[in-house]
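Chemist: Predicted model follows, preceded by the sequence.
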Amino acid sequence: MRLIITLLLLCIAGCTQDVADLNLPTTQDTKLKEPKLTYLGVGGWLVRWKGEALLFSPSFSNPSFPPILVSPNDKRIDQYMPEASDVTVLLIGHSHYDHLLDVTQIMHKYTPLAKAYGPETAGHILMAARPPLDFENVEPKMAKVTCDEDGKTHCRAAMTGKWLCKGPFRFMPINSKHAPHFMGIDLLPGDQYTNLSTFPRTVWGWKEGTTLAWLVDLVDDTGKTVYRIHYQDSASSPPMGFPPITTGRKRVDVEILAAASWSQVKQYPSALLKVTKPRLLALGHWEDFFGNDPYKPEVSTLQKEPALINKIHETNPGLPVVMPYPLTEVALPAPDSTGLKGPEGRCE
Ligand SMILES: [Zn+2]
């Protein structure tokens, strides 16, 4: 184990490459017309729709490597967090520091109208926030993947799921799984079962908890879906994170995936893309984020992004793929209502 961690330290510290030197589908658009997504770096995305906004939890503090003692960096949050007072929904995928560390500062200062939705572990950690945050543990409502007795093999995708609704957004938490970080090992496992009164000081205190994928519908005034987004903040093995079978009437318009640790998981993302059949794939969590400058992204050679892009093109010829620079935008494709006749599913 010590050897593995040493190798990891050496390589992460020394193996980064300027993204401009690689032939990757990076984009740097800004000031696009709505509807659009804004990539905030790591797992953070901002979706603005019909006068409100939905935020997938961003990470700006990004302590330098190795991240042992971690705390929010107010200066960096203020430097990079865009105006977001219209955010009403904040979705959390899992509870590692690079997804949860900045949520309290962001909710207090930038998204005062937002309610956060996430797994139980995130809720117990965020209980340390003063004043308290508006948070719902959605694990009891998540679309559940069922597996055979050992809990690992022969898993079946969820049959149904529950929609939660707020304003022009309808969203469904889906049982997913976190990818191993390195050589098949998850370096930060575990759950938080009790409420915290102070935030964890070390990286190990930001326990992983359950990992959720999210299905998000952007709806019109009649409740009809105009866009469907599927989001994962960690690579996962099939069928973890797959949309429930009964939501298949509407294909996914935009798939948002994490490039990090993609090679640690079999059939990722090809198996998922076969199910969601997106019209656009937007890759996040691709840049090396340790003490990074979001305006000058670098990639870790460990992550092998060029191989990921090749694999996606081989298994999904013709699928448009973008890797936006942090703090830049992605235009949504023109709406496509094929296969969807009316509002889908009741809101919880
Ligand atoms: Zn993680």
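Modeler: Now that the structure is in, tell me what you want to look at.
Chemist: Please spell out which residues along the particular helix or strand that has L164 in it are buried.
Modeler: If you go by DSSP states H and E, L164 is part of strand 164-166. Burial within strand 164-166, assessed by neighbour count using 16 or more other C-beta atoms under 10 Å, is assigned to L164, C165. C-beta: built from backbone N, CA, C; applies to glycine.
Chemist: Which elements pack onto that strand?
Modeler: strand 169-176 (3 or more C-beta pairs under 8 Å, 6 or more residues apart in numbering; DSSP states H and E).
Chemist: avg pLDDT for the following helix or strand past the strand it packs on?
Modeler: Past strand 169-176, further along toward the C-terminus, the next helix or strand under DSSP H and E is strand 211-219. What strand 211-219 shows for mean pLDDT is 97.
Chemist: Output the contacting helices and strands for strand 211-219.
Modeler: Strand 211-219 is packed against strand 44-49, strand 169-176, strand 225-231, with contacts defined by 3+ C-beta pairs under 8 Å, 6+ apart.
Chemist: what pairs with it, and is each one parallel or antiparallel?
Modeler: The strands that strand 211-219 pairs with in its sheet are strand 169-176 (antiparallel), strand 225-231 (antiparallel) (by DSSP bridges).
Chemist: and the strand holding L164, how far from the chain's centre?
Modeler: Centroid displacement of strand 164-166 relative to its chain, using C-alpha atoms, centre = their mean, to the nearest Å, is 18 Å.
Chemist: Which residue, neighbours along the chain excluded, lies closest to D148?
Modeler: H154 (4.3 Å; C-beta to C-beta, 6 or more residues apart in numbering).
Chemist: Distance-wise, check H178 relative to V252.
Modeler: 21 Å (C-beta to C-beta, to the nearest Å).
Chemist: try T222
Modeler: 21 Å.
Chemist: of these two, who's got more company?
Modeler: A count of neighbours by other C-beta atoms under 10 Å puts V252 above the other of T222 and V252, at 25 against 7.
Chemist: before we move on, back to that, so can I have CSV of the strands paired with strand 211-219 showing mean neighbour count?
Modeler: Shown next, in CSV, are these (neighbours: other C-beta atoms under 10 Å):
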stretch, mean neighbour count
strand 169-176, 25
strand 225-231, 24
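Chemist: need those strands in CSV with distance to P66, can you?
Modeler: Listed next are these as CSV, based on distance: least, C-beta to C-beta, whole Å:
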stretch, distance to P66
strand 169-176, 26
strand 225-231, 28
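Chemist: roughly how far out does stretch 314-329 sit from the chain middle?
Modeler: 15 Å.
Chemist: what pLDDT, on average, does that stretch get?
Modeler: 96.
Chemist: Okay, now that stretch: how far is its last residue from its first?
Modeler: Stretch 314-329 has an end-to-end distance of 26 Å (C-alpha to C-alpha, to the nearest Å).
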